[in-house]
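Trainee: sharing a model that was predicted from the sequence below.
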Amino acid sequence: MNTFRRYIIRRLALTLITLLGVVVVVFFLMHILPGNPAALRAGPLADAELIHRYEDEMGLNDPLYVQFADYFSGVIRGDFGDSWKTSRPVLTELGERLPATLELALTAFIIAMILGITLGIVAAAFAGTWIDHAIRIFATFGASVALFWLALVGVHVFYYMLDVAPPPLDRLDIRVEEPPTVTGMYTIDSLLAGDFDTFRNALSHLMLPALSLAFVVSAPITKVMRVAMLDVLNTDFIRTAKAVGFPAWRVTLVDGLRNAFIPVLTTSGIVFGYLMAGNVIVEQVFAWAGIGQYAWNALKVNDFNAVQGFVLLIGTVYVLINLLIDLAYGFIDPRIRLG
């Protein structure tokens, strides 16, 4: 068995153990939250007898280990239970809303990566100059600004004052029909259908929330890229390459970027996980019908199954992203898989 294959097996084993830990933590966190799910399901006018009957039906009177065994077996089967508010399967409702969140997160991620990597390279190339200082101020502001404030300011400026953005009401104008569903992402589905009017409308609704998210998450990418590039540009082989006459742009963009990319890869995984979990605020501000808005609405009414499904989904996304990053490490740098 070669080294890389052994490395993959080790990472997969650790991933399975981590996923088990996620399931355990999510289950017990949900069960220490205040509130009675049976009372929620029975309604505000229910008497104690009805609530007690629902507690029996929902297994809430069973010992905790029995409840966990039932929950864990359901998760293994892909069954997250039914929403206590809508009585529909949680996995179905998450699946209906996941494409909207993915569309927003992927767009923000692409913008943030382009912006962060570009600014980080420029700051490192002009280290100590006013350009470097300006980029560092931009990154500091992006890292410290409150996301909900930035989103609200964006709506106020670009919708109310300048009238260049559509109203923050879902993913399409009311008069625009949804494109035929292929991926669930309106921009992609409208392009596949050749409906460019719907594409432009979907893109106009997408850009402001995506830019709000991208502005915030580009800050750590910029900082990490700058530091990594400075470390690489000060190494002997880079100075030697410049001394023997290689073009400065080639040394920076090819040799420098390739050797500085591993720390950026780590940050990019964390950033994408945050975009999936942390866009709850943006989805609320822009009435974006994604899983973040779904979780927020479920939390307001103590719909534990729905909240539990959301947290478990996001935890799984984080774990799988870290797995992909670890595998990418082993592929890029053989020293890591040997270790």
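Mentor: Received, thanks.
Trainee: how deep is Val176 tucked in, by neighbour count?
Mentor: Using other CB atoms under 10 Å, Val176 has 17 other residues around it. C-beta: built from backbone N, CA, C; applies to glycine.
Trainee: likewise for Gln67?
Mentor: Neighbour number of Gln67 under other CB under 10 Å is 16.
Trainee: over to the residue nearest to it when sequence neighbours are not counted. Which of the three states is it?
Mentor: Distances taken as CB to CB, 6 or more residues apart in numbering put Gly59 closest to Gln67, at 5.7 Å, once the chain neighbours are dropped. Recorded secondary structure, Gly59: coil (DSSP: H, G, I helix; E, B strand; the rest coil).
Trainee: so who does Gly59 touch?
Mentor: Gly59 sits next to Val66, Gln67, Asp70 when contact means CB atoms under 8 Å, 6 or more residues apart in numbering.
Trainee: list the buried ones in the helix or strand harbouring Phe27?
Mentor: Following DSSP states H and E, one finds Phe27 within helix 3-32. For helix 3-32, burial by neighbour count (16 or more other CB atoms under 10 Å) applies to Tyr7, Ile8, Arg11, Thr15, Thr18, Leu19, Val22, Val23, Val26, Phe27, Met30.
Trainee: counting contacts, what elements does it pack onto?
Mentor: Applying 3 or more CB pairs under 8 Å, 6 or more residues apart in numbering; DSSP states H and E, we find helix 3-32 packed against helix 64-76, helix 304-332, helix 334-338.
Trainee: buried residues, the helix or strand just after the first one. List them.
Mentor: Taking DSSP H and E as the definition, the helix or strand that follows helix 64-76 towards the C-terminus is helix 90-125. Along helix 90-125, these residues count as buried under the neighbour rule (16+ other CB under 10 Å): 90-91, 93-94, 97-109, 111-113, 115-117, 119-125.
Trainee: what comes up buried for stretch 126-146?
Mentor: Asp132, Ile135, Phe138, Ala139, Gly142.
Trainee: can you name the next helix or strand after the helix or strand containing the fourth one?
Mentor: Ala139 is located in helix 130-144, with elements delineated by DSSP H and E. The helix or strand immediately downstream of helix 130-144 is helix 147-155, counting by DSSP H and E.
Trainee: what angle sits between that next one and helix 130-144?
Mentor: 110 degrees (axes from the mean of the first three to the mean of the last three CA atoms, to 10 degrees).
Trainee: alpha carbons only: can I get the next helix or strand after helix 147-155 in PDB?
Mentor: Note on helix 147-155: by DSSP H and E, the next helix or strand toward the C-terminus is helix 186-192. C-alpha atoms of helix 186-192 as PDB (Å, rounded to 0.1, in the frame of the first residue of the first chain):
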ATOM      1  CA  TYR A 186     -31.600  30.200 -10.400                       C
ATOM      2  CA  THR A 187     -28.600  31.800 -12.200                       C
ATOM      3  CA  ILE A 188     -27.400  28.400 -13.400                       C
ATOM      4  CA  ASP A 189     -30.800  27.000 -14.200                       C
ATOM      5  CA  SER A 190     -31.800  30.100 -16.200                       C
ATOM      6  CA  LEU A 191     -28.600  29.900 -18.200                       C
ATOM      7  CA  LEU A 192     -29.300  26.300 -18.900                       C
END
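Trainee: look up how far Ala134 lies from the residue most central in space within the chain.
Mentor: Nearest to the centroid of the C-alpha atoms of the chain, with distances taken as CA atoms, centre = their mean, sits Met276, at 2.1 Å. Distance of Met276 to Ala134, computed by CB to CB, to the nearest Å: 31 Å.
Trainee: before we move on, what about Ala219?
Mentor: Ala219 is 14 Å from Ala134, by CB to CB.
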